[in-house]
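[1] need a 3D model of the sequence below.
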Amino acid sequence: MEQKGIQLLSVILILGLSALTEGAEAPAPCRCNVDPKTRANCGPPGITAEQCENAGCCFNSEVPGVPWCFAPLAKKYKKVCPAEVKLRENCGYPGISAAVCEARGCCFESKPPAVPWCYFPDLVEESKLCV
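    Presented below is the predicted three-dimensional model:
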């Protein structure tokens, strides 16, 4: 009787884990530029490219003897100063200097008048910028 309980729990665990990866977004191609020697396995033997990418992993079968389904590089973010004046969110105070503003990690532009000159940058995922 105890073995059936363990089997049932195992099935529930497998279904739960598969639900977590179902519909995961395939990583951007530049996040898959992983040195074959450092690839971290991301799927079972025999996994297809489609199954691998559906799990949010990278697939490349060109190099024998290394994982073909592997974890992508970590997401990297780049600070981008918004061009649209309406999107500026104040990061400083009236009269703040460019040096103090930039030391806070913020963007500085002293025009146009009547808008924040020191404002927070947007964080954009670098892979969204790659071609």
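
[2] domain ranges for the protein?
    Listed by automatic domain parsing, the domain ranges of the chain are 20-74, 77-129.

[3] mind putting these in TSV, mean neighbour count included?
    Where you see a C-beta, it was placed from the backbone N, CA and C, and this is true even at glycine. Output for the domains of the chain, formatted as TSV (neighbours: other C-beta atoms under 10 Å):
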stretch	mean neighbour count
domain 20-74	15
domain 77-129	13
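
[4] can you list these in JSON lines and add mean pLDDT?
    Output for those, formatted as JSON lines (pLDDT from 0 to 100):
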{"stretch": "domain 20-74", "mean pLDDT": "88"}
{"stretch": "domain 77-129", "mean pLDDT": "89"}
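
[5] the residue nearest to the spatial centre of the chain - nearest residue in space that isn't next to it in sequence?
    Closest to where the C-alpha atoms of the chain average out (C-alpha atoms, centre = their mean) is residue 75, at 3.5 Å. Sequence neighbours aside, residue 125 is the residue nearest to residue 75 in space, at 5.6 Å (criterion: C-beta to C-beta, 6 or more residues apart in numbering).

[6] ramachandran angles for that neighbour?
    When read as degrees, to the nearest 10, the backbone of residue 125 gives phi -60, psi 130.

[7] now the closest residue to residue 119 other than its chain neighbours, what are its backbone angles?
    Leaving aside its chain neighbours, residue 119 sits nearest to residue 88 (3.9 Å; criterion: C-beta to C-beta, 6+ apart). Backbone torsions of residue 88, given as degrees, to the nearest 10, read phi -70, psi 130.

[8] thanks a lot, catch you later.
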